[in-house]
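1. need coordinates for the below:
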Amino acid sequence: MSSLSQADVAKLLAEPSAEVRAEVAGKLGLGIDNPELSDSEVQMAQDIIRILAKDIDATVRQAVSQTLRFSSRLPHDVAVRLANDIENVALPILADSGALTADDLVGIVRSGAPVKQEAIAGRRDLSEDVADELITKADVTAVCALMRNSTARIGEGGFVKAIDRFSDDDGVKESIVRRETLPITIAERLVALVADNLKNYLASHHELPPSVATDIILQTRDVTTIKLSYGREAEELERLVGEMHRHGRLTPFLVLRALCLGDMAFFEAAMAAICNVPVGNAQRLIHDAGAGGLKSLFDKSGLPQRLFPAIRVAVDVVEGVGLDGGDHDLDRYRVRVITRILTQFERFGEEDLDYLLDKLITVLAASGRSNPSVPAAA
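-> Coordinates of the predicted model:
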């Protein structure tokens, strides 16, 4: 072996101190992955490693763990022994060794040692099974580390479980929010959770009346949700809307706001979910040339009747207004939709006018704030 010489072996035999044994372990770690080693030399090195991994002195075992943490020739049985050792010995192997299997890691997570759980949570390319076990069993520090691990594979169910289990922990929610990608249903649910936090902040730091704080939150949450949903594939959009409806977040004004922002696909999926009908059926009724289809669907939805005139106008306007193909055309499109709806308000009674005008103005304001180049509605 290139790193471990005969002199080292002789020294080990002559002076078997802990310091010498640790030195030998370090040289083995450096040399065992040498591609020039013969099979017999690899076997000899692994046999020595097995002996050193059982050493009574922790510094020797720690040297084995530290120097062999990335080794492709670390025997599986040795990796498991080291991973179940005291923390100083176990952590390098838990963090980096490819010799450990998913089953090995799950077993160690279940042992409940928080520092070991955190080391596992930071492993590269962590499997979904191990991630799910961490979310189920590990403490908050390890789960935060897992969510910050961009290479960890986490399923939608894992995110749901993490949010449910740590619903009161801002660190976990922030770690999830900051992940590069998230399932749309998870992103939408986090919007609602962040909104609640913002509501508490506004009420406690700015002395806003709870009703005002709530209105601000609902506006922010609704606009953000619509932005998240826009352009999604039909199947994904249906899943998102269905999840929102099951959790009571598909509010009447979110449905109206989506329509006023030109998102017909969201409106169609929302009405289908609320009425418990296939999306295709809802689409046919919404776009019924005889105009009776939309009313029958609306009546089935149970939405406030005072909203129907605005929705009737909005559907007609959205169907008649298209994108112009220029820069920021979506924003201009939304403003045109809202402007035309506002010009139709003479159809409404005074009470409904105040009610709807207040809501639609907030939509217009939000659309304008999202892009300063958007002209205000006349």
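
2. skipping its backbone neighbours, what lies nearest residue 153 in space?
-> residue 128 (4.5 Å; Cβ to Cβ, 6 or more residues apart in numbering). In short, each C-beta sits where N, CA and C put it, glycine included.

3. list the contacts for that neighbour?
-> Residue 128 makes contacts with 153-155, 158, as judged by Cβ atoms under 8 Å, 6 or more residues apart in numbering.

4. can you do 10 Å?
-> Counting by Cβ atoms under 10 Å, 6 or more residues apart in numbering, residue 128 touches 102, 152-155, 157-158.

5. do the same with residue 59
-> Taking Cβ under 10 Å, 6+ apart, one finds 18-19, 21-22, 25, 88-89 in contact with residue 59.

6. of these, buried ones?
-> Among these, the ones that count as buried by 16 or more other Cβ atoms under 10 Å are 21-22, 25, 89.

7. just those: which has the poorest pLDDT?
-> For the buried ones among the contacts of residue 59, the model is least confident at residue 25; its pLDDT is 75.

8. now that residue: which helix or strand?
-> Assigned by DSSP states H and E, residue 25 falls within helix 18-31.

9. which strands and helices lie in contact with whichever helix or strand comes after that helix?
-> Once helix 18-31 ends, the next helix or strand along the chain (criterion: DSSP H and E) is helix 39-52. In terms of contacts (3 or more Cβ pairs under 10 Å, 6 or more residues apart in numbering; DSSP states H and E), helix 39-52 is packed against helix 6-14, helix 18-31, helix 58-67, helix 76-83.

10. now do the strands in the stretch 151-300 of the chain.
-> Here the stretch 151-300 of the chain has no strands by DSSP state E, counting those that start in this stretch.

11. which stretches of it have low pLDDT?
-> The stretch 151-300 of the chain contains residues with pLDDT under 70 at 191-192, 194-228, 230-231, 289-291.

12. returning to that earlier point: distance to residue 284 added to the contacts of residue 59, as CSV?
-> Formatted as CSV, the contacts of residue 59 follow (distance: Cβ to Cβ, whole Å):
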residue, distance to residue 284
18, 81
19, 82
21, 79
22, 77
25, 74
88, 68
89, 67
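
13. out of the residues you listed, which one sits closest to residue 69?
-> Using Cβ to Cβ, residue 89 comes nearest to residue 69 of these, at 10.9 Å.

14. residues of whichever strand or helix holds the closest one that come out buried?
-> According to DSSP H and E, residue 89 maps onto helix 87-96. For helix 87-96, burial by neighbour count (16+ other Cβ under 10 Å) applies to 89-96.

15. before we move on, what about stretch 271-278?
-> 271-275, 277.

16. can you check stretch 238-256 too?
-> Those buried within stretch 238-256 under the rule 16+ other Cβ under 10 Å are 238-245, 249-250, 252-256.

17. show me the contacts for the residue nearest to residue 312 when sequence neighbours are not counted.
-> Closest residue to residue 312 apart from its sequence neighbours, by Cβ to Cβ, 6+ apart: residue 294 at 6.5 Å. Contacts here follow Cβ under 10 Å, 6+ apart; on that basis residue 294 touches 271, 282, 285-288, 308, 311-312, 315-316.

18. which members of these occur in helices, if any?
-> 271, 282, 285-286, 308, 311-312, 315-316 (DSSP state H).

19. pull the most distant pair out of these.
-> Across the ones in helices among the contacts of residue 294 (Cβ to Cβ), the longest gap, 16.8 Å, separates 282 and 316.

20. who has more neighbours out of the two?
-> residue 282 (24 against 15; other Cβ atoms under 10 Å).

21. so the more buried one sits against residue 264, correct?
-> No - with contact defined as Cβ atoms under 10 Å, residue 282 does not count as touching residue 264 (11.1 Å).

22. report the contact partners of residue 43.
-> residue 37.

23. quick check: it vs residue 172, distance?
-> 46 Å (Cβ to Cβ, to the nearest Å).

24. if we can go back for a sec, quick one: which of the contacts of residue 294 is most hemmed in?
-> Top of the contacts of residue 294 by neighbour count (other Cβ under 10 Å): residue 271, with 27 neighbours.
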